[in-house]
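Chemist: Sequence first, then the predicted structure, then my questions.
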Amino acid sequence: MKPQAKKIILAPMEGVADQLMRQLLCAINSYDFCVTEFVRVVDSLVPKHVFRKICPEIANNCYTDTGTPLRMQLLGQEPDWMAENALRAIELGSHGIDVNFGCPAKAVNKSKGGAVLLNEPEKIYQILSKMRAAIGNSNTLSAKIRLGFNDASKLDEIVSAVESAKVNQLTIHARTKSDGYRPPAYWHFIAELTEKYNLEIFANGEIWSKNDAENCITQSQTANLMLGRGALALPNLANVIKFNKAPMPWSELSLLLKRYSELELQGDKSFYFSSRLKQWLRYLKLQYPQAEELFNAIKLLKNKDEILHQIDRVTAALEN
């Protein structure tokens with residue numbers, strides 16, 4: 001019998017998985033929950049309007065339009081302020097709190113946030129334990145890490161710190177910070193942790209297909225997955241994995257692209273919708289040759305009607 005996924009969550013992809021993308025992907029997939037892009041915490045209580053900007057779904061009790069719950073993610077290094085902001089997010093309706101210890105961005109790491117904290121398991125414990133005390137035991141506290149900064153030598157110590165802080169769920173991106181996003185993902189590192197620690201562990205990294213998901217589950221020994229770039233490359237990937245659905249055909253995807261354009265134009269981001277669409281197409285062309293043709297056709301375009309016309313043209317050419 002092939003391994004079967006249990007829970008699937010949508011990753012907090014900075015600059016990509018915003019409200020509109022969450023809305024589209026959750027409408028066509030049965031995600032268990034989504035994690036938002038991170039709220040940066042430095043040395044103060046972040047204003048409520050910043051939380052609302054990153055998670056407009058606060059107005060809908062932190063659910064997407066189709067009912068998928070959202071969990072806000074915080075990124076920071078100061079335990080007391082992380083705790084204060086975690087409480088604020090809970091009060092605004094977040095379904096639990098997630099903490100980012102995996103971001104590889106140089107600017108973030110330089111300011112002592114994200115993956116650089118993987119070098120300091122004790123600091124990770126201090127941050128998470130303060131946050132747990134602030135939000136209480138009734139709210140879910142989760143964290144996202146990588147295997148380590150330069151290597152996986154501190155992985156066991158990191159996970160021990162996470163468990164000791166009474167975290168409920170832990171997502172492990174199966175690469176180090178130094179690995180970046182270069183394949184492969186080292187899922188086997190996760191396996192010994194799933195048995196050793198009393199945590200609900202999610203595996204993440206290099207899951208582009210149902211076959212990848214099955215291999216990941218086998219090697220990591222967890223049936224819980226987080227999908228990131230693979231969910232952008234194949235928009236219905238979660239349901240392909242969970243329910244053995246067929247990969248979305250281009251005819252359906254073209255309608256989704258048009259819907260994305262329409263939603264962008266309804267919001268306050270309409271002035272750069274073309275760049276966001278082109279960004280998405282860079283992922284889609286990993287699975288769809290038509291996406292590369294469309295990208296080449298619109299890469300110099302900014303006008304909405306011209307771009308929508310090219311979507312129709314590429315789709316019509318395929319059907320003929």
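Modeler: Noted; the coordinates are in hand.
Chemist: tell me the contacts of residue 96?
Modeler: Residue 96 is in contact with 71, 90, 139, 140, 141, 142, 168, counting by C-beta atoms under 8 Å, 6 or more residues apart in numbering. No exception for glycine: its C-beta is placed from N, CA and C like everyone else's.
Chemist: cool, and residue 180?
Modeler: Applying C-beta under 8 Å, 6+ apart, the residues near residue 180 are residue 104.
Chemist: what helix or strand is residue 216 on?
Modeler: Residue 216 is located in helix 210-220, with elements delineated by DSSP states H and E.
Chemist: Revised request: answer the last question for residue 276.
Modeler: Going by DSSP H and E, residue 276 is in helix 273-284.
Chemist: And the helices in the stretch 1-150 of the chain, which stretches?
Modeler: Secondary structure of the stretch 1-150 of the chain (DSSP state H, counting those that start in this stretch): helices located at 19-27, 48-54, 79-91, 106-110, 121-135.
Chemist: rank those by mean pLDDT and give me the bottom one.
Modeler: Among the helices of the stretch 1-150 of the chain, helix 106-110 carries the lowest mean pLDDT, a mean of 76.
Chemist: what comes up buried for it?
Modeler: Going by neighbour count (16 or more other C-beta atoms under 10 Å), the buried part of helix 106-110 is 108, 109.
Chemist: ok so, going back, list of residues touching the helix or strand following the helix holding residue 216?
Modeler: Downstream of helix 210-220, the first helix or strand assigned by DSSP H and E is strand 224-227. Residues outside strand 224-227 that contact it (C-beta under 8 Å, 6+ apart) are 5-11, 35, 144, 171, 200-204, 207, 213, 216-217, 237-238, 241.
Chemist: cool, and stretch 3-15?
Modeler: So stretch 3-15 is contacted by 17, 22, 25-26, 29-38, 73, 98, 100, 103, 105, 144, 171, 202, 204, 213-214, 217-218, 223-229, 231-232, 238, 241-242 (C-beta under 8 Å, 6+ apart).
Chemist: between the helices of the stretch 1-150 of the chain, which one is nearest to residue 310?
Modeler: Proximity to residue 310 (C-beta to C-beta) singles out helix 19-27 among these, at 19.3 Å.
Chemist: What are the boundaries of the strands in the stretch 151-300 of the chain?
Modeler: Counting by DSSP state E, counting those that start in this stretch, the stretch 151-300 of the chain has strands at residues 169-173, 200-204, 224-227.
Chemist: Please identify the most buried of those strands.
Modeler: Most buried of the strands of the stretch 151-300 of the chain by mean neighbour count (mean count of other C-beta atoms under 10 Å) is strand 169-173; its value is a mean of 26.
Chemist: elements contacting it?
Modeler: Using 3 or more C-beta pairs under 8 Å, 6 or more residues apart in numbering; DSSP states H and E, the elements in contact with strand 169-173 are strand 141-146, helix 188-196, strand 200-204.
Chemist: cutoff 10 Å now
Modeler: strand 7-10, strand 97-101, strand 141-146, helix 155-164, helix 188-196, strand 200-204, strand 224-227 (3 or more C-beta pairs under 10 Å, 6 or more residues apart in numbering; DSSP states H and E).
Chemist: any idea of the mean pLDDT in that strand?
Modeler: The average pLDDT within strand 169-173 is 98.
Chemist: Same check on stretch 144-156?
Modeler: Mean predicted confidence for stretch 144-156 is 98.
Chemist: follow-up on the earlier one: check the contacts of residue 96 for burial and list the buried ones.
Modeler: 71, 90, 139, 140, 141, 142.
Chemist: what sits against the second one?
Modeler: By C-beta atoms under 10 Å, 6 or more residues apart in numbering, residue 90 lies in contact with 62, 72, 96, 97, 134, 135, 136, 138, 139, 140.
Chemist: Surely the fourth one is in contact with residue 127?
Modeler: Right, residue 97. No - judged on C-beta atoms under 10 Å, residue 97 makes no contact with residue 127 at a distance of 11.2 Å.
Chemist: residues near the residue nearest to residue 103 when sequence neighbours are not counted, how many?
Modeler: Closest residue in space to residue 103, ignoring its immediate chain neighbours: residue 114 at 3.2 Å, by C-beta to C-beta, 6 or more residues apart in numbering. When neighbours are counted by other C-beta atoms under 10 Å, residue 114 registers 26.
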